[in-house]
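A.B. asks: I'd like to go over a predicted model; first the sequence, then the structure.
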Amino acid sequence: MATETRTKRTLRRRKLNRNASYRALEIRLMSLPDEIINVCEDKWLTSYCVFDTYPHSEMQNEIDVRYKTDVDNPLMRLYRVCMARNIQPRGISSERIRAGQRLASLPEEEKEFTLFVGAHCSFNGKKRSVFALAPEDKRYHDCEHKDQFGRDRVFL
């Protein structure tokens with residue numbers, strides 16, 4: 001009886017191309033119907049990817065400074081899409097809580113106008129929003145490695 005030698009399959013970590021992923025997110029958000037994206041009108045958009053509160057009056061400057069840099073995030077891209085579609089949210093705030101207090105200061109009367117638009121968080125039961133970065137939005141840097149059959153690996 002002959003024993004077969006198996007080639008071990010090697011798995012490599014893919015590196016996310018953030019700018020291309022955020023651009024795909026913007027394109028998907030621009031194609032959403034008006035009744036879905038109009039939910040953002042007159043709301044504070046909250047997520048775990050920011051640590052501070054930015055009112056509407058400061059947002060254009062923040063977007064200009066952060067766009068296509070290392071401090072860019074999906075929440076800023078959503079706000080940019082809202083501004084392009086003439087939707088006026090109240091601003092952006094952090095959803096993070098530390099020692100029972102919100103990390104970003106938001107007045108008590110404004111808390112009823114918050115809308116969570118981030119990714120899934122199982123610690124507090126928040127589900128992924130339609131506005132969050134979805135798996136179909138993710139783009140990866142080209143990988144020049146071959147798979148176990150010697151073929152070039154291609155990533156979307």
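C.D. replies: Right, received. Where do you want to start?
A.B. asks: number of nearby residues for residue 101?
C.D. replies: For residue 101, the neighbour count with other Cβ atoms under 10 Å is 9. Any C-beta I mention is one placed from the backbone N, CA and C, and that applies to glycine too.
A.B. asks: Look up how far residue 11 lies from the residue lying closest to residue 49 once chain neighbours are set aside.
C.D. replies: Spatial nearest neighbour of residue 49, chain neighbours left out: residue 73 (4.3 Å); criterion: Cβ to Cβ, 6 or more residues apart in numbering. Between residue 73 and residue 11 the distance is 28 Å, computed by Cβ to Cβ, to the nearest Å.
A.B. asks: Those two: which has the busier surroundings?
C.D. replies: Counted by other Cβ under 10 Å, residue 73 and residue 11 do not tie: residue 73 has more neighbours, with 18 against 7.
A.B. asks: What's the separation between the more buried one and residue 64?
C.D. replies: 15 Å.
A.B. asks: My guess is residue 60 contacts residue 80. True?
C.D. replies: No. The pair residue 60 / residue 80 is not scored as a contact, 9.3 Å apart, by Cβ atoms under 8 Å.
A.B. asks: For those two, indicate the residue with more neighbours.
C.D. replies: Ranked by neighbour count (other Cβ under 10 Å), residue 60 and residue 80 place residue 80 first, with 21 against 12.
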